[in-house]
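Novice: quick one, what's the 3D model for this:
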Amino acid sequence: MGIKDIARALGVSTGTVDRALHAKPGINPMTRTRVLRMAESLGYRPNLAARHLKSRKVLRITVNLPREIALFWDSLREGIREAATPFAPALEVEFASYPRLGEGDVAAFERALASGTNGFIVAPGDPVALRPHIRTAAQRGVPVVCVVTDAPDTQRLTSVSADPYTVGAVAGEFLTRCLPGGGEVGFFTGWLATQDHADKLRGFEQSLAHDGHKLRVAGVVEAHDDEREGHRRALALLEAHPDLKGIYVSTVNSLPVLRAAEELGRLSTLTIVTTDLFPDLVGWIRRGAVAATVYQRPISQGRLALQALYQFLVDGTCPPPKLHVVPILVMRSNLELFLERLPADAEAPAGEPGVVRT
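Specialist: Numbers count the residues shown, from 1 in each chain. Here you go, the predicted structure:
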(Lines give C-alpha, C1' and ligand atoms only; values in the text may rest on other atoms or scores of the structure.)
Protein backbone atom coordinates (compact mmCIF):
# COMPACT_ATOMS: atom_id res chain seq x y z
CA MET A 1 0.00 0.00 0.00
CA GLY A 2 1.19 3.50 -0.83
CA ILE A 3 0.10 7.11 -0.49
CA LYS A 4 -2.01 6.90 -3.68
CA ASP A 5 -4.00 3.97 -2.26
CA ILE A 6 -4.77 5.88 0.94
CA ALA A 7 -5.80 8.97 -1.04
CA ARG A 8 -8.07 6.90 -3.29
CA ALA A 9 -9.75 5.19 -0.32
CA LEU A 10 -10.51 8.52 1.35
CA GLY A 11 -11.25 10.55 -1.76
CA VAL A 12 -8.57 13.14 -0.99
CA SER A 13 -5.42 14.30 -2.78
CA THR A 14 -2.04 12.64 -2.40
CA GLY A 15 -0.72 15.96 -1.12
CA THR A 16 -3.22 15.84 1.74
CA VAL A 17 -2.13 12.31 2.63
CA ASP A 18 1.55 13.28 2.47
CA ARG A 19 1.01 16.24 4.83
CA ALA A 20 -0.94 14.06 7.27
CA LEU A 21 1.59 11.22 7.33
CA HIS A 22 4.59 13.51 7.80
CA ALA A 23 3.02 16.01 10.24
CA LYS A 24 3.33 18.91 7.81
CA PRO A 25 1.37 22.15 8.34
CA GLY A 26 -1.75 23.09 6.41
CA ILE A 27 -4.04 20.18 7.20
CA ASN A 28 -7.17 19.93 9.31
CA PRO A 29 -6.64 17.84 12.50
CA MET A 30 -9.73 15.73 11.76
CA THR A 31 -8.53 15.03 8.23
CA ARG A 32 -5.13 14.06 9.56
CA THR A 33 -6.77 11.62 11.99
CA ARG A 34 -8.79 10.06 9.15
CA VAL A 35 -5.66 9.64 7.06
CA LEU A 36 -3.67 8.05 9.88
CA ARG A 37 -6.47 5.62 10.71
CA MET A 38 -6.86 4.63 7.07
CA ALA A 39 -3.08 4.18 6.72
CA GLU A 40 -3.07 1.87 9.72
CA SER A 41 -6.06 -0.14 8.50
CA LEU A 42 -4.46 -0.61 5.07
CA GLY A 43 -1.13 -1.70 6.57
CA TYR A 44 0.78 1.25 5.10
CA ARG A 45 4.53 1.33 5.71
CA PRO A 46 6.70 4.23 4.53
CA ASN A 47 9.27 3.48 1.84
CA LEU A 48 12.35 4.52 3.78
CA ALA A 49 14.68 3.78 0.90
CA ALA A 50 12.84 6.08 -1.51
CA ARG A 51 12.49 8.81 1.08
CA HIS A 52 16.16 8.80 1.93
CA LEU A 53 17.23 8.71 -1.71
CA LYS A 54 15.23 11.89 -2.28
CA SER A 55 17.05 13.61 0.58
CA ARG A 56 20.42 12.88 -1.09
CA LYS A 57 21.97 12.62 2.34
CA VAL A 58 24.43 9.74 2.68
CA LEU A 59 24.45 7.86 5.96
CA ARG A 60 27.43 5.81 7.08
CA ILE A 61 26.99 2.88 9.46
CA THR A 62 29.96 1.08 10.99
CA VAL A 63 29.75 -2.65 11.74
CA ASN A 64 32.38 -3.91 14.20
CA LEU A 65 32.37 -7.71 14.52
CA PRO A 66 34.93 -10.42 15.37
CA ARG A 67 36.68 -12.51 12.72
CA GLU A 68 36.60 -15.66 14.85
CA ILE A 69 34.63 -17.78 14.59
CA ALA A 70 33.93 -16.81 10.99
CA LEU A 71 31.28 -19.52 10.49
CA PHE A 72 28.88 -17.52 12.66
CA TRP A 73 29.95 -13.91 12.20
CA ASP A 74 30.04 -14.12 8.41
CA SER A 75 26.38 -15.15 8.43
CA LEU A 76 25.60 -12.12 10.56
CA ARG A 77 27.44 -9.86 8.12
CA GLU A 78 25.47 -11.42 5.27
CA GLY A 79 22.20 -10.44 6.97
CA ILE A 80 23.41 -6.87 7.42
CA ARG A 81 24.47 -6.61 3.78
CA GLU A 82 21.13 -7.97 2.56
CA ALA A 83 19.16 -5.50 4.67
CA ALA A 84 21.34 -2.56 3.54
CA THR A 85 21.14 -3.27 -0.20
CA PRO A 86 17.77 -1.51 -0.85
CA PHE A 87 19.10 1.72 0.67
CA ALA A 88 22.24 2.07 -1.46
CA PRO A 89 23.79 4.43 -2.46
CA ALA A 90 22.22 6.61 0.24
CA LEU A 91 23.57 4.20 2.87
CA GLU A 92 27.18 3.15 3.22
CA VAL A 93 28.05 0.24 5.48
CA GLU A 94 31.64 -0.09 6.61
CA PHE A 95 32.73 -3.42 8.06
CA ALA A 96 35.60 -3.53 10.54
CA SER A 97 36.85 -6.68 12.22
CA TYR A 98 39.06 -7.67 15.12
CA PRO A 99 40.50 -11.06 16.17
CA ARG A 100 37.75 -12.43 18.39
CA LEU A 101 35.01 -11.41 20.81
CA GLY A 102 36.41 -9.03 23.41
CA GLU A 103 39.77 -8.54 21.69
CA GLY A 104 40.08 -5.21 19.90
CA ASP A 105 36.45 -4.09 19.84
CA VAL A 106 37.09 -0.98 21.97
CA ALA A 107 39.91 0.27 19.70
CA ALA A 108 37.77 -0.37 16.60
CA PHE A 109 34.90 1.56 18.18
CA GLU A 110 37.13 4.53 18.99
CA ARG A 111 38.49 4.70 15.44
CA ALA A 112 35.06 4.66 13.84
CA LEU A 113 33.66 7.26 16.24
CA ALA A 114 36.57 9.58 15.49
CA SER A 115 35.97 9.15 11.74
CA GLY A 116 32.43 10.53 11.97
CA THR A 117 30.20 7.49 11.55
CA ASN A 118 26.43 7.97 11.89
CA GLY A 119 25.72 4.72 13.74
CA PHE A 120 27.16 1.45 15.02
CA ILE A 121 26.33 -2.24 15.01
CA VAL A 122 28.58 -3.98 17.55
CA ALA A 123 28.92 -7.23 19.48
CA PRO A 124 30.21 -6.27 22.94
CA GLY A 125 32.72 -8.79 24.24
CA ASP A 126 33.56 -6.70 27.30
CA PRO A 127 30.52 -4.48 27.98
CA VAL A 128 32.17 -2.77 30.95
CA ALA A 129 35.12 -1.62 28.83
CA LEU A 130 32.81 -0.48 26.04
CA ARG A 131 30.36 1.38 28.32
CA PRO A 132 32.10 4.82 28.39
CA HIS A 133 32.53 4.75 24.61
CA ILE A 134 28.84 3.99 24.05
CA ARG A 135 28.08 6.92 26.38
CA THR A 136 30.30 9.20 24.32
CA ALA A 137 28.60 8.05 21.12
CA ALA A 138 25.15 8.74 22.61
CA GLN A 139 26.23 12.22 23.67
CA ARG A 140 27.25 12.89 20.06
CA GLY A 141 23.95 11.58 18.73
CA VAL A 142 25.45 8.40 17.29
CA PRO A 143 23.16 5.41 18.06
CA VAL A 144 24.60 2.00 18.90
CA VAL A 145 22.84 -1.31 18.24
CA CYS A 146 24.21 -4.40 19.98
CA VAL A 147 23.86 -7.73 18.20
CA VAL A 148 24.28 -11.30 19.53
CA THR A 149 25.77 -10.01 22.79
CA ASP A 150 24.47 -7.06 24.79
CA ALA A 151 25.81 -4.14 26.79
CA PRO A 152 23.13 -3.75 29.46
CA ASP A 153 22.94 -0.59 31.57
CA THR A 154 24.42 1.50 28.76
CA GLN A 155 22.90 4.09 26.44
CA ARG A 156 22.79 1.73 23.46
CA LEU A 157 19.72 2.05 21.23
CA THR A 158 18.66 -1.61 21.29
CA SER A 159 20.03 -5.13 21.28
CA VAL A 160 19.21 -7.91 18.81
CA SER A 161 19.76 -11.53 19.80
CA ALA A 162 18.26 -14.91 20.45
CA ASP A 163 17.44 -14.56 24.15
CA PRO A 164 20.47 -16.27 25.73
CA TYR A 165 18.63 -17.54 28.80
CA THR A 166 16.03 -19.19 26.55
CA VAL A 167 18.72 -20.68 24.30
CA GLY A 168 20.41 -22.29 27.31
CA ALA A 169 17.09 -23.46 28.73
CA VAL A 170 16.10 -25.12 25.44
CA ALA A 171 19.40 -27.04 25.37
CA GLY A 172 18.99 -28.08 28.99
CA GLU A 173 15.43 -29.30 28.53
CA PHE A 174 16.41 -31.28 25.45
CA LEU A 175 19.20 -33.05 27.32
CA THR A 176 16.95 -33.90 30.27
CA ARG A 177 14.47 -35.53 27.88
CA CYS A 178 17.21 -37.45 26.07
CA LEU A 179 18.86 -38.58 29.29
CA PRO A 180 16.01 -39.48 31.70
CA GLY A 181 18.32 -41.63 33.76
CA GLY A 182 20.41 -38.64 34.78
CA GLY A 183 24.17 -38.42 35.09
CA GLU A 184 26.88 -35.85 34.42
CA VAL A 185 27.00 -33.37 31.54
CA GLY A 186 29.54 -30.80 30.39
CA PHE A 187 28.95 -27.16 29.46
CA PHE A 188 31.22 -25.37 26.98
CA THR A 189 31.12 -21.60 26.51
CA GLY A 190 33.27 -18.67 25.41
CA TRP A 191 33.67 -16.19 28.27
CA LEU A 192 31.45 -16.28 31.34
CA ALA A 193 32.39 -12.62 31.85
CA THR A 194 30.21 -11.92 28.80
CA GLN A 195 26.65 -11.48 30.04
CA ASP A 196 25.06 -13.49 27.24
CA HIS A 197 27.30 -16.50 27.87
CA ALA A 198 26.56 -16.34 31.59
CA ASP A 199 22.81 -16.14 30.83
CA LYS A 200 23.01 -19.29 28.70
CA LEU A 201 24.60 -21.16 31.61
CA ARG A 202 21.93 -19.84 33.94
CA GLY A 203 19.13 -20.99 31.61
CA PHE A 204 20.81 -24.37 31.15
CA GLU A 205 21.19 -24.96 34.90
CA GLN A 206 17.60 -23.88 35.58
CA SER A 207 16.32 -26.43 33.06
CA LEU A 208 18.30 -29.17 34.79
CA ALA A 209 16.92 -28.04 38.15
CA HIS A 210 13.32 -28.37 36.91
CA ASP A 211 14.03 -32.03 36.26
CA GLY A 212 15.06 -32.59 39.85
CA HIS A 213 18.82 -32.33 39.22
CA LYS A 214 18.99 -35.80 37.72
CA LEU A 215 21.53 -34.30 35.33
CA ARG A 216 24.47 -32.54 36.99
CA VAL A 217 26.98 -30.17 35.42
CA ALA A 218 30.33 -31.91 35.81
CA GLY A 219 32.35 -29.06 34.37
CA VAL A 220 31.96 -25.58 32.90
CA VAL A 221 34.62 -24.96 30.25
CA GLU A 222 35.52 -21.50 28.93
CA ALA A 223 37.18 -22.02 25.54
CA HIS A 224 37.34 -18.30 24.60
CA ASP A 225 36.25 -19.07 21.01
CA ASP A 226 39.70 -20.53 20.39
CA GLU A 227 39.66 -23.83 18.48
CA ARG A 228 42.91 -25.20 19.93
CA GLU A 229 41.90 -24.27 23.46
CA GLY A 230 38.46 -25.81 22.94
CA HIS A 231 39.98 -29.07 21.69
CA ARG A 232 42.49 -29.27 24.52
CA ARG A 233 39.93 -28.57 27.22
CA ALA A 234 37.42 -30.99 25.70
CA LEU A 235 39.99 -33.79 25.86
CA ALA A 236 40.73 -32.90 29.48
CA LEU A 237 37.05 -32.90 30.49
CA LEU A 238 36.30 -36.20 28.74
CA GLU A 239 39.32 -37.93 30.26
CA ALA A 240 38.47 -36.63 33.74
CA HIS A 241 34.84 -37.78 33.46
CA PRO A 242 34.68 -41.21 31.78
CA ASP A 243 30.95 -41.53 32.60
CA LEU A 244 29.94 -38.21 31.10
CA LYS A 245 26.49 -38.56 29.47
CA GLY A 246 26.09 -35.34 27.54
CA ILE A 247 27.67 -32.08 26.37
CA TYR A 248 26.20 -28.70 25.51
CA VAL A 249 28.41 -26.36 23.48
CA SER A 250 26.77 -22.95 23.89
CA THR A 251 28.84 -21.15 21.24
CA VAL A 252 29.60 -21.92 17.61
CA ASN A 253 33.00 -23.35 18.67
CA SER A 254 31.67 -26.93 18.63
CA LEU A 255 33.89 -28.67 16.06
CA PRO A 256 36.93 -28.97 18.39
CA VAL A 257 34.70 -30.60 21.03
CA LEU A 258 33.25 -33.04 18.51
CA ARG A 259 36.70 -33.96 17.21
CA ALA A 260 37.97 -34.54 20.74
CA ALA A 261 35.04 -36.87 21.49
CA GLU A 262 35.67 -38.73 18.24
CA GLU A 263 39.40 -39.15 18.97
CA LEU A 264 38.58 -40.72 22.34
CA GLY A 265 35.88 -42.98 20.87
CA ARG A 266 33.16 -41.34 22.96
CA LEU A 267 30.72 -40.09 20.32
CA SER A 268 28.43 -43.12 20.62
CA THR A 269 28.06 -42.67 24.39
CA LEU A 270 27.44 -38.91 24.43
CA THR A 271 24.33 -36.87 23.69
CA ILE A 272 25.71 -33.63 22.26
CA VAL A 273 23.83 -30.37 21.74
CA THR A 274 25.57 -27.63 19.76
CA THR A 275 24.81 -24.05 18.73
CA ASP A 276 23.88 -22.66 15.31
CA LEU A 277 24.07 -24.28 11.91
CA PHE A 278 26.91 -24.08 9.41
CA PRO A 279 28.20 -26.32 6.60
CA ASP A 280 30.87 -28.14 8.62
CA LEU A 281 28.32 -29.10 11.28
CA VAL A 282 25.72 -30.56 8.90
CA GLY A 283 27.58 -33.87 8.44
CA TRP A 284 27.84 -34.40 12.20
CA ILE A 285 24.07 -33.95 12.53
CA ARG A 286 23.30 -36.24 9.60
CA ARG A 287 25.24 -39.14 11.10
CA GLY A 288 23.76 -38.62 14.56
CA ALA A 289 26.91 -37.46 16.34
CA VAL A 290 25.08 -34.23 17.20
CA ALA A 291 21.64 -34.87 18.65
CA ALA A 292 20.45 -31.29 18.06
CA THR A 293 21.71 -27.77 17.48
CA VAL A 294 20.08 -24.59 18.75
CA TYR A 295 20.02 -22.28 15.75
CA GLN A 296 20.20 -18.59 16.74
CA ARG A 297 19.42 -17.28 13.23
CA PRO A 298 22.40 -14.95 12.73
CA ILE A 299 21.24 -13.78 9.29
CA SER A 300 17.93 -12.63 10.76
CA GLN A 301 19.78 -10.94 13.62
CA GLY A 302 21.90 -9.00 11.14
CA ARG A 303 18.88 -7.90 9.14
CA LEU A 304 16.97 -6.76 12.23
CA ALA A 305 19.95 -4.82 13.57
CA LEU A 306 20.42 -2.90 10.31
CA GLN A 307 16.70 -2.20 9.92
CA ALA A 308 16.33 -0.94 13.51
CA LEU A 309 19.34 1.36 13.21
CA TYR A 310 18.39 2.69 9.78
CA GLN A 311 14.79 3.45 10.75
CA PHE A 312 16.01 5.35 13.80
CA LEU A 313 18.48 7.42 11.75
CA VAL A 314 15.98 8.22 9.00
CA ASP A 315 12.65 8.47 10.81
CA GLY A 316 13.60 8.77 14.47
CA THR A 317 11.64 5.56 15.11
CA CYS A 318 12.91 4.20 18.41
CA PRO A 319 12.91 0.38 18.55
CA PRO A 320 12.08 -1.60 21.71
CA PRO A 321 15.00 -1.96 24.15
CA LYS A 322 15.44 -5.57 23.02
CA LEU A 323 14.61 -7.46 19.84
CA HIS A 324 14.72 -11.24 20.26
CA VAL A 325 14.62 -13.75 17.43
CA VAL A 326 13.15 -17.11 18.40
CA PRO A 327 15.79 -19.89 18.41
CA ILE A 328 15.06 -23.08 16.48
CA LEU A 329 16.00 -26.62 17.51
CA VAL A 330 17.39 -28.45 14.47
CA MET A 331 17.79 -32.26 14.52
CA ARG A 332 18.52 -34.93 11.96
CA SER A 333 14.78 -35.45 11.42
CA ASN A 334 14.13 -31.86 10.29
CA LEU A 335 17.59 -30.89 9.04
CA GLU A 336 16.98 -31.26 5.30
CA LEU A 337 13.66 -29.44 5.43
CA PHE A 338 15.19 -26.67 7.46
CA LEU A 339 18.14 -26.28 5.09
CA GLU A 340 15.63 -25.80 2.26
CA ARG A 341 13.77 -23.12 4.23
CA LEU A 342 16.84 -21.35 5.55
CA PRO A 343 16.97 -18.59 2.88
CA ALA A 344 13.28 -17.79 3.39
CA ASP A 345 13.77 -17.68 7.15
CA ALA A 346 16.65 -15.26 6.73
CA GLU A 347 14.43 -12.91 4.74
CA ALA A 348 11.58 -12.77 7.25
CA PRO A 349 10.86 -9.09 8.01
CA ALA A 350 10.85 -7.71 11.53
CA GLY A 351 7.07 -7.68 11.80
CA GLU A 352 6.55 -11.37 11.11
CA PRO A 353 6.29 -14.18 13.69
CA GLY A 354 9.60 -15.28 15.08
CA VAL A 355 10.62 -11.86 16.39
CA VAL A 356 9.90 -10.94 20.00
CA ARG A 357 10.03 -7.27 21.02
CA THR A 358 10.65 -6.54 24.71
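Novice: how about the helices in the stretch 151-300 of the chain?
Specialist: Here the stretch 151-300 of the chain has its helices, by DSSP state H, counting those that start in this stretch, at 164-178, 195-210, 227-240, 255-263, 279-286, 298-315.
Novice: got TSV for those, with distance to Thr269 too?
Specialist: (Each C-beta comes from the backbone N, C-alpha and C, glycine too.) Formatted as TSV, those follow (distance: least, CB to CB, whole Å):
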stretch	distance to Thr269
helix 164-178	13
helix 195-210	19
helix 227-240	10
helix 255-263	9
helix 279-286	16
helix 298-315	31
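Novice: buried deepest among those helices, which one?
Specialist: The highest average neighbour count among those, using mean count of other CB atoms under 10 Å, belongs to helix 298-315 at a mean of 24.
Novice: which strands or helices does that helix pack on?
Specialist: helix 48-55, strand 59-68, helix 70-84, strand 119-122, strand 144-147, strand 158-162, strand 322-325, helix 332-346 (3 or more CB pairs under 8 Å, 6 or more residues apart in numbering; DSSP states H and E).
Novice: quick one on the thing from earlier: which of the helices of the stretch 151-300 of the chain sits closest to Thr33?
Specialist: helix 298-315 (20.2 Å; CB to CB).
Novice: quick revisit: now the helices and strands packed on helix 298-315 in CSV, with mean pLDDT, mean neighbour count and distance to Arg111?
Specialist: Below are the helices and strands packed on helix 298-315 laid out as CSV (pLDDT from 0 to 100; neighbours: other CB atoms under 10 Å; distance: least, CB to CB, whole Å):
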stretch, mean pLDDT, mean neighbour count, distance to Arg111
helix 48-55, 52, 14, 26
strand 59-68, 94, 21, 9
helix 70-84, 91, 20, 18
strand 119-122, 97, 26, 12
strand 144-147, 96, 26, 15
strand 158-162, 95, 26, 22
strand 322-325, 94, 21, 27
helix 332-346, 74, 13, 30
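Novice: of those, which approaches Val252 most closely?
Specialist: Of those, nearest to Val252 by CB to CB is helix 70-84, at 4.1 Å.
Novice: neighbouring contacts of that closest one?
Specialist: With contacts defined as CB atoms under 8 Å, 6 or more residues apart in numbering, helix 70-84 is touched by 61, 63, 65-67, 91, 93, 95, 121, 123, 147-148, 252, 276, 278-280, 298-307, 310, 346-347.
Novice: in the helix or strand just after that helix, which residues are buried?
Specialist: As assigned by DSSP states H and E, the chain's next helix or strand after helix 70-84 is strand 91-100. The neighbour-count check on strand 91-100 (16 or more other CB atoms under 10 Å) flags 91, 93, 96-98, 100 as buried.
Novice: about what we covered before: so can I have TSV of the helices and strands packed on helix 298-315 showing distance to Phe187?
Specialist: Converted to TSV, the helices and strands packed on helix 298-315 look like this (distance: least, CB to CB, whole Å):
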stretch	distance to Phe187
helix 48-55	42
strand 59-68	20
helix 70-84	19
strand 119-122	26
strand 144-147	24
strand 158-162	17
strand 322-325	22
helix 332-346	23
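Novice: right, and those - which one's nearest Val221?
Specialist: Among those, strand 59-68 comes nearest to Val221, with 17.2 Å by CB to CB.
Novice: mind giving me the domain split of this protein?
Specialist: Domains of the chain are assigned by automatic domain parsing as 3-45, 53-160+298-324, 164-295.
Novice: wait, which of those domains is closest to Leu339?
Specialist: Of the domains of the chain, nearest to Leu339 by CB to CB is domain 164-295, at 7.4 Å.
Novice: that closest one: how far from the chain's middle?
Specialist: Distance of domain 164-295 from the chain centroid (CA atoms, centre = their mean, to the nearest Å) equals 20 Å.
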